[in-house]
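**Student:** 3D model of this:
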Amino acid sequence: MAVETVTRERVEARLDDLVRENRFLIAVVFPAMGAVLLVASAETLLPGSLNFNPYLILFGTLVMRLPLVAGVAPLVDRRAVLALGLLTVYSYGIEYVGTTTGWPYGAFTYGVDLGPMLFGKVPLGLPVFFFPLVLNSYLLCLLLLGRRARAWFVRLPVVIAAVLAVDLVLDPGAVALGFWAYDAGGAYYAVPWTNYAGWVLSATVAVVLFDVAFDRAALVERVQRCEFMLDDLVSFVILWGAINAYFFNWIPVALGGLFFLGLVRIDRFDFRVWRTVPWLGESRS
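**Tutor:** Residues are numbered from 1 along each chain as shown. Next up is the predicted model:
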């Protein structure tokens, strides 16, 4: 047991170092390049095999998730594994119901290959796409709310609202790219309001499970000490802000701006990252 603990601590420490030493690359370069490649794919400007290449999409997503994974890794225990397992089953299940019945998000079909499909209906990488959106929102709200986050009746509704706001940014950009399309269209950038009703349901389940999964005090302490833990949210703002701006989806751009302001407010949109990149003119201190 002691050997396993030491090995885990070493792996976690190395992952921390990897992310810390490559923050600019992970949090800025990858999402910026991702936005360029996705827009170029939507405009069919790339060679056929590179247009919306599912393995490039998954690889880029996994790289941008590294700061969150490294940040939360030391806090993952048996309770967290159980809760994440339940959330995985729920995510696959509700997505399968959604793709086959149209409930609760509204009838939609995938237009882009997002990698291997479970039962031919659900992207196997769904947890990689969905879980971080919820956990990033949870962490952001814990820091913004401060002591008020101790009350569940304040904490949970605020986080659920933040997750909903994330999808108000994400879905219009994804639909514009052609990732998926709603059969009946919708009033909000071709997205139906039923989709957001479905997101309230899924966000509630996910937020409650994350709330149960982790020791909140330990989570707050970790995110306060770990300067890069919310870099995945920085990547989200850059990636989907750029994509939505390209398609003139200005409301999602503005909502992304609110997340940017929230990150600045808690000193997590770290402009110092730009000044510690040797090829931008200054050496690391």
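**Student:** Pass me the low-pLDDT residue ranges in the chain, would you?
**Tutor:** 1-5, 270-285 (pLDDT under 70).
**Student:** List the residues that contact the closest residue to Val212 other than its chain neighbours.
**Tutor:** Once flanking residues are discounted, Val212 sits nearest to Ala83: 5.5 Å by CB to CB, 6 or more residues apart in numbering. The way it works is simple: take the backbone N, C-alpha and C, and place the C-beta from them, glycine included. By CB atoms under 8 Å, 6 or more residues apart in numbering, the contact set of Ala83 is 209-210, 212-213.
**Student:** rerun that using 10 Å as the cut-off
**Tutor:** 206, 208-214 (CB atoms under 10 Å, 6 or more residues apart in numbering).
**Student:** ok, and the most crowded of the residues you listed?
**Tutor:** With neighbours taken as other CB atoms under 10 Å, the top of those is Ala206, carrying 25 neighbours.
**Student:** so how far is Pro132 from it?
**Tutor:** 11 Å (CB to CB, to the nearest Å).
**Student:** now do Leu164
**Tutor:** From Leu164 to Pro132 the distance is 16 Å (CB to CB).
**Student:** Who has more neighbours out of those two?
**Tutor:** A count of neighbours by other CB under 10 Å puts Pro132 above the other of Leu164 and Pro132, at 22 against 17.
**Student:** which secondary structure element contains the more buried one?
**Tutor:** Per DSSP states H and E, Pro132 falls inside helix 126-145.
**Student:** Give me the nearest residue to the residue nearest to the spatial centre of the chain, chain neighbours excluded.
**Tutor:** Note on the chain: the residue nearest the mean C-alpha position is Leu133, at 3.4 Å, using CA atoms, centre = their mean. Of all residues not flanking Leu133 in the chain, Val166 sits nearest, at 5.0 Å (CB to CB, 6+ apart).
**Student:** Show me what counts as buried in the helix or strand hosting that neighbour.
**Tutor:** Using DSSP H and E, Val166 sits in helix 152-177. Of the residues in helix 152-177, 155-156, 158-160, 162-177 count as buried by neighbour count, 16 or more other CB atoms under 10 Å.
**Student:** Now do the end-to-end distance for stretch 98-105.
**Tutor:** 6 Å (CA to CA, to the nearest Å).
**Student:** Would you mind confirming that the residue nearest to the centre of the chain makes contact with Val163?
**Tutor:** Yes - using CB atoms under 10 Å, Leu133 makes contact with Val163 at a distance of 6.5 Å.
**Student:** Need the overlap of contacts for these two.
**Tutor:** Joint contacts of Leu133 and Val163 (CB under 10 Å, 6+ apart) are 199, 203, 206.
**Student:** so what's the backbone phi/psi at the last one?
**Tutor:** In terms of degrees, to the nearest 10, the main-chain angles of Ala206 are phi -70, psi -40.
**Student:** got the contact list for it?
**Tutor:** Ala206 touches 83, 87, 90-91, 130-131, 133-135, 137-138, 159-160, 163, 199, counting by CB under 10 Å, 6+ apart.
**Student:** For Phe210, see how far away the residue nearest to Val212 is.
**Tutor:** 7 Å.
**Student:** and if you look at Val97?
**Tutor:** For Val97, the distance to Phe210 - CB to CB - is 22 Å.
**Student:** cool, Thr7 as well?
**Tutor:** Taking CB to CB, one finds Thr7 at 27 Å from Phe210.
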